[in-house]
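Asker: Pasting a predicted model and its sequence here:
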Amino acid sequence: MSQVVKDYYNMNAKNEFERLNNGYSNVEFQSTMYLIEKYIKNSTCLLDLGSGPGRYSVELLKKGYNVTLLDLSDKSLEIAKERITSLSLAADDYIVSSATEIMFKENSFDAVLCLGPMYHLLDENDREKVLSGIRKILKPGGTAIIAYINSYGLFRSSVTEFPEDFTSETLIQAVKGNMKLSQDESFTETFFTNPKSALKEVSNSGLKIITYAGAESFLSGLHYQMNDLKESNPDIYNKYIELASKNCELEHYRETTEHLLIVARNEL
């Protein structure tokens, strides 16, 4: 993973922790937690691969998971360690490393979360390296949740986020599902793909697909509406969040959300 990506997350480590707390991004967080609790038993030995500042790790430690954090950004891991320690929790380890350089022994973990690295790996060989690494370190029967940015989600989110940049060429790239943007074209070096291509990539690694989900569920693209609803009517907002997370696997919604979550298992 490039120095460009590392520099971005070192500069934005604090913001990245808070990002999942806003009214819209909380949908992504709650859907992901729903999948984790549904498919990964607590008290398991889990690697948070690309943990960032530990937003998921904190919640999993609270629930009794044994968590190792690995991230490219040393600043992110510093924040994660501070927050975890302040809550009188303890992670198994904090490791500064790229997701493409997984150095653990075979069969080291019951579960792996990979909720960010695939967003920034423009080279297919690097993504294959991450997936093969995940399979290697998972115990037989171990489960991984792997996230991609869904290029189809651009169609909806672009209306509110970057309509002036959404051109016919962008549309063509998004449909093909192999969209690579530089730091000058996106928030940093970013890879977008479609569900079919992502599922094929994971399956080709030897991991068995169990299910997949759209992180934003039926609320995808409703940035302003969800932020406003959280402020104006928290009770109704929470009901929408609960309904969305519990329905994130429905095929009606999962193809076109901004973040794709693939649940896969090592069956060897």
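Answerer: It's in.

Asker: where does the protein have its least confident helix or strand?
Answerer: For the chain, using mean pLDDT, DSSP states H and E, the weakest element among its helices and strands is helix 168-176, scoring a mean of 70.

Asker: Can you name the next helix or strand after that helix?
Answerer: Scanning the chain past helix 168-176 towards its C-terminal end, the next helix or strand to appear is strand 179-181 (assignment: DSSP states H and E).

Asker: residue boundaries of the strands in the stretch 151-268 of the chain?
Answerer: Defined through DSSP state E, counting those that start in this stretch, the strands belonging to the stretch 151-268 of the chain, from first to last, are 179-181, 190-193, 208-214, 259-265.

Asker: Sheet-wise, list the partners of the second one with their directions.
Answerer: Meaning strand 190-193. Strand 190-193 has the following sheet partners, assigned by DSSP bridges: strand 138-150 (parallel), strand 179-181 (antiparallel).

Asker: nearest to residue 117, of the strands of the stretch 151-268 of the chain?
Answerer: Between residue 117 and the strands of the stretch 151-268 of the chain, the tightest spacing by C-beta to C-beta is seen for strand 190-193, at 10.0 Å. All C-beta spots, glycine's among them, are computed from the backbone N, C-alpha and C.

Asker: what does that closest one rub up against?
Answerer: Counting by C-beta atoms under 8 Å, 6 or more residues apart in numbering, strand 190-193 makes contact with 118-122, 127, 148-151, 154, 173-174, 177-181, 201, all of which sit outside it.

Asker: which helices and strands sit right next to the helix or strand in which residue 16 is found?
Answerer: Element membership for residue 16 (DSSP H and E) is helix 13-19. Secondary-structure packing of helix 13-19 (3 or more C-beta pairs under 8 Å, 6 or more residues apart in numbering; DSSP states H and E): helix 74-86.

Asker: circling back: would you convert the strands paired with strand 190-193 into JSON lines that also reports mean pLDDT?
Answerer: Conversion of these to JSON lines gives the following (pLDDT from 0 to 100):
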{"stretch": "strand 138-150", "mean pLDDT": "97"}
{"stretch": "strand 179-181", "mean pLDDT": "84"}
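
Asker: Which one of these lies nearest to residue 72?
Answerer: Distances from residue 72 to each of the strands paired with strand 190-193 were compared using C-beta to C-beta; the shortest belongs to strand 138-150, at 15.5 Å.

Asker: what angle sits between that closest one and strand 208-214?
Answerer: Angular relation of strand 138-150 and strand 208-214 on a 0 to 180 degree scale: 30 degrees, by axes from the mean of the first three to the mean of the last three C-alpha atoms, to 10 degrees.

Asker: Tell me the buried residues in strand 138-150?
Answerer: Of the residues in strand 138-150, 138, 139, 142, 143, 144, 145, 146, 147, 148, 149, 150 count as buried by neighbour count, 16 or more other C-beta atoms under 10 Å.

Asker: Not counting its own residues, what contacts stretch 219-230?
Answerer: Contact partners of stretch 219-230, identified using C-beta under 8 Å, 6+ apart, comprise 22-24, 26-27, 153, 156-157, 159-161, 214, 236-237, 240, 244, 253, 256-258.
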